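# sequence and predicted structure below; questions after.
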Amino acid sequence: MADIGKINTLTVAKLTEQGAYLDANDLGEVLLPNRYMPEQLAEGDAIEVFIYFDSSDRLIATTETPKAQMDEFASLKCLAVNKIGAFLDWGLPKDLLVPFNQQHHKMEVGKYYLVKVYKDQYSDRIAATSKIDRFLDIWPANYEIGDRVDLIIANKTDLGFKAIINEKHWGLIFHTDIFQPLRSGLKTQGYIKQVREDGRVNLTLTRSGMGKINDFAPHFLSYLQEHDGVCNINDKSSPEQIKDAFNVSKKTFKSTVGNLLKHGKIRIDGDKILLEKSKPQGAKKRPTATAKSNRKSKPKKR
């Protein structure tokens, strides 16, 4: 069965002057206009298309990919507002409608809004809503500290950024845990930092402890390789300098440098951190004093 508001793989039923009619099963035949048809498309061919209603409320297929499909979240720009509602740019010729009763706050032209694409239960039309609380789980979150989760960044608050966890719950990333640029609609991964007694969830974008060090170490070594093996930022640098250069806290930077020193990956020369040159493969190690002593004391065969 083909789904409205989603990408489907359909078969070409027939070719006409208007375009290709695709077999959409229960939806009947859906037109793929000429402007979207790839060259040498023939009857019986399978093709991936997105199905939606055009400006005349007719089902139509397109090979263009929208910025969000049915049941997905996205941050979209408001292009126009009229007596019906607000219209958002979702990458297709027909803009996406957000009815007035689906706007959490009155939308304004030129601004971006985090919305969810849904099917209106009365008209079966595709629409969007910024009232996304009703799509999230009302039950307390069942997460463990350190769990890796999928995040969709929402709005900025005085405390930090709100984020949707696994498309199910709200969480918060405090400003003190943010070391990279964030924007509404950004999809990324994060970690559970704390599940509070009231059920609210605090998040972090990096792992804690050794996990955080293991994540940053390869990036720091790559930085050294790209800068001729030299880093002028050190443990005396300000937290702001470290954040601007590496998007990590000073604590993580110092812990990672210490760990790499311990494993002989880097060395310190004054105020510089240097990449330790690796020894050529196959190079023979010099025998230690103990080894030499043992070799001398070994009795000769008669």
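Cool, the structure landed.
# quick one, helices of the stretch 51-200 of the chain?
Listed in chain order, the helices of the stretch 51-200 of the chain (DSSP state H, counting those that start in this stretch) amount to none at all.
# ok, residues contacting stretch 65-76?
3-7, 50, 52, 88-92, 96, 112-119, 126, 128, 132, 152, 164, 167, 183-186 (Cβ atoms under 8 Å, 6 or more residues apart in numbering). For glycine as for every other residue, the C-beta is placed from the backbone atoms N, C-alpha and C.
# so which bits of that stretch are buried?
Of the residues in stretch 65-76, those buried by neighbour count under the rule 16 or more other Cβ atoms under 10 Å are Pro66, Lys67, Ala68, Gln69, Met70, Glu72, Phe73, Ala74, Ser75, Leu76.
# how far does that stretch stretch from start to finish?
End-to-end distance of stretch 65-76 (Cα to Cα, to the nearest Å): 14 Å.
# so for stretch 81-96, mean pLDDT?
Across stretch 81-96, the average pLDDT comes to 94.
# just the CA trace of it, in CSV.
What follows is stretch 81-96, C-alpha atoms only, in CSV (Å, rounded to 0.1, in the frame of the first residue of the first chain):
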residue,chain,number,x,y,z
VAL,A,81,0.5,34.0,6.6
ASN,A,82,-3.1,34.5,5.5
LYS,A,83,-6.6,34.0,6.9
ILE,A,84,-6.2,30.2,6.7
GLY,A,85,-2.9,29.9,8.6
ALA,A,86,0.9,30.0,8.1
PHE,A,87,2.7,28.4,5.2
LEU,A,88,6.1,26.8,5.6
ASP,A,89,8.8,26.0,3.1
TRP,A,90,9.3,22.2,3.1
GLY,A,91,11.1,22.0,-0.3
LEU,A,92,8.1,21.4,-2.6
PRO,A,93,6.1,23.6,-4.9
LYS,A,94,3.1,23.6,-2.6
ASP,A,95,4.0,25.1,0.8
LEU,A,96,3.1,23.3,4.0
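# so how far is it from its chain's centroid?
Distance of stretch 81-96 from the chain centroid (Cα atoms, centre = their mean, to the nearest Å) equals 25 Å.
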